[in-house]
Structure formats: C-alpha cells, structure tokens
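Undergrad: Sequence below, structure please.
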Amino acid sequence: MKHPTLILIFSWLLVLTYHNGMSQQDNHLDEMATVLKDIQLAYQKHPLSFEVKYTYANEHTPRVVLDSLEGKVCMAGADYRYILDNTEMVRTGNYSVVVFKEDKLLYLGKTTTDTLAASPLQPLQDMARQAGVRHCEVMYKKHRKTLQVDFQDGLPYRHIEMTLDTLSGYLLQMRYIVKTTLLIAPGASEEVGKEYEEYALVVADFHHYQPLAAEKDLFDERSFFVKKGNEVFPAAAYADYKIFIATPNF
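TA: Purely as a prediction, here's the structure:
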C-alpha cells in the first residue's frame, strides 16, 4: 500500500521506549504498565538483532493482505539501527538519522534526553492517559503472554495487541487497528481507492532473534554525514543526498 509513515516504522518502540507516564486509572492499566516495562527491560539486557515483517489489510478482511514490508532491527542499549524497505534509521546517544533512499534525503536530528525517554507513539500514550482506554486485558497461554487494549470509539487507534514470549520477554507479534490515513505518506491521500477501509489492520511479526555481533561502524553516524565547522555534509556513500536538519544547534 504505497509507503507507510513513521508510525509504522517505529510502532515497536511503543514498548521498547515506554515510560510510565500514564495515570493509573484502574488495575487493568497497572497491569498494562507492568507488561510494557517488562518488555522494555528484556530488550535492554543484551545487544541483539531481529527481523520484522509487517502486513497490511483492511479491518474487516484481515486475511486479504494488501501490502507487506520486511526489515531488520539491531539494538544495543539506547542505540538502534532499523532498516525497513527503502527507509533506514539510526539513533545513538548523540544523533538520530533517517535515510529516505527513494527521495535521496538524510533527515538529521540531535538526540536529547527527552527524545531518548519519549515514545514515538506519544499520541497513543496520551490517549491512554486521558482515559481513552475502554478495555485492557492480559491473557496467558503456555509460554505466551498477550496484552490487548481497546480504545474509545472515534480515536485514530482502535485496538492494540501485543504477544510476547514469557521465557525471553521478547515480542512475537503486534497487531493494531489504526486509521488508514495514518499509514499514508503526506500528500498521497488522493491515491487511496475505494478498496481501502477507514481502519487498517497492521500485523508485525518479530522473529530470528540473535545476539548482536560487534560491528565498529554499526551505530556510527559518521557513516551518514560529516561535520566541518558549522556545516554538515553527506558522507561519501550519500554524496548525492540532500540534508534536512530537524533540530536547532545541530
């Protein structure tokens, strides 16, 4: 389905960068906060890599896959590198770099304490904090734990479901129902045909978890850009790319 926005690319960060900012409205939200925190801690224990596959379908025809994307994630503490289709992102303690290969664009930002702590799906957390959760439940089946969250009607997010392995603590699958317009690149809404419903079902499957081999340049922002004084230039591999500076005092 065209090109999903960053909400799709970074959906897994909802749990990996979760911070307990919700008002604890009832025992269900207490349990939700516990699950999210446990998943976050599991991913921070050791450097690791894993693969992810996204599939997209209409909410009411979940077996009819309209599009799919595959990618790989490498994580070491707060540093990560994510490759999905023609988009790549690297975040370190100093910089965040997003590479849009089709557009030949480098999107550069300074990593701050706030961006390290906050979730890229902050609107979703805001909805939970503002009592947007209609139902929250945690279920167990053998070595699997599933968190299901239903939101109030009319919100951009309708349902989130996360399944994890209780032995490793790692995510196995995320399923979420979200407004189709949130998955479309800006300016591309006119391309949406009648075959697309108002809400989409996006499924992310996580697999091939393994320890991350040490690579010197894996999280090195100098692979993407170089700074000379107050000027910033693309690295040799991206010589024909344009640079967009997203934060002041870069």
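Undergrad: following the strand ranked longest in the chain, which helix or strand shows up next?
TA: Secondary structure assigned by DSSP state E gives strand 199-211 as the longest strand of the chain. Counting by DSSP states H and E, the element after strand 199-211 in chain order, helix or strand, is strand 225-228.
Undergrad: now the protein, which segments are flagged as low pLDDT?
TA: 1-32, 112-132, 185-193 (pLDDT under 70).
Undergrad: Helices of that one, residue ranges please.
TA: For the chain, the helices defined by DSSP state H occupy 6-9, 13-16, 27-44, 113-117, 122-129.
Undergrad: who does M89 bridge with?
TA: Y82, V98 (DSSP bridges).
Undergrad: Is it correct that it is in contact with F100?
TA: No - M89 is not in contact with F100 according to Cβ atoms under 8 Å; the separation is 9.9 Å. Using the backbone N, CA and C atoms, a C-beta is placed for each residue, glycine as well.
Undergrad: any idea how far T181 is from R144?
TA: T181 sits 32 Å away from R144, going by Cβ to Cβ, to the nearest Å.
Undergrad: Repeat that for R63.
TA: Distance from R63 to R144, by Cβ to Cβ: 22 Å.
Undergrad: Who has more neighbours out of those two?
TA: Neighbour comparison, R63 and R144: the larger count goes to R144, with 14 against 6 (by other Cβ atoms under 10 Å).
Undergrad: Count the residues that sit near the closest residue to that one other than its chain neighbours.
TA: The spatially closest residue to R144, leaving aside those adjacent along the chain, is T163, at 5.8 Å (Cβ to Cβ, 6 or more residues apart in numbering). Residues lying near T163 (other Cβ under 10 Å) number 18.
Undergrad: check contacts around R81.
TA: Contacts for R81 were tallied using Cβ atoms under 8 Å, 6 or more residues apart in numbering; they are V73, C74, E88, M89, V90, R91, L218, F219.
Undergrad: Select from these the one having the most neighbours.
TA: Most neighbours among these, by other Cβ under 10 Å: R91, with 24 neighbours.
Undergrad: so what's that residue up against?
TA: With contact taken as Cβ under 8 Å, 6+ apart, R91 is in contact with A78, D79, Y80, R81, V97, T111.
Undergrad: give me that answer again for 6 Å
TA: Y80 (Cβ atoms under 6 Å, 6 or more residues apart in numbering).
Undergrad: Distance-wise, check it relative to R81.
TA: 8 Å.
Undergrad: May I see the buried residues of the longest strand of the chain?
TA: Neighbour counts over strand 199-211 (16 or more other Cβ atoms under 10 Å) mark Y199, A200, L201, V202, V203, A204, D205, F206, Y209 as buried.
Undergrad: List the contacts of it.
TA: By Cβ under 6 Å, 6+ apart, strand 199-211 touches 48-57, 59, 62, 158, 170-180, 183.
Undergrad: Paired strands for it, with orientation please.
TA: strand 48-58 (antiparallel), strand 171-179 (antiparallel).
Undergrad: Now mean neighbour count too, for these, in JSON lines please.
TA: Shown next, in JSON lines, are the strands paired with strand 199-211 (neighbours: other Cβ atoms under 10 Å):
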{"stretch": "strand 48-58", "mean neighbour count": "18"}
{"stretch": "strand 171-179", "mean neighbour count": "20"}
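Undergrad: With that, I have no additional questions.
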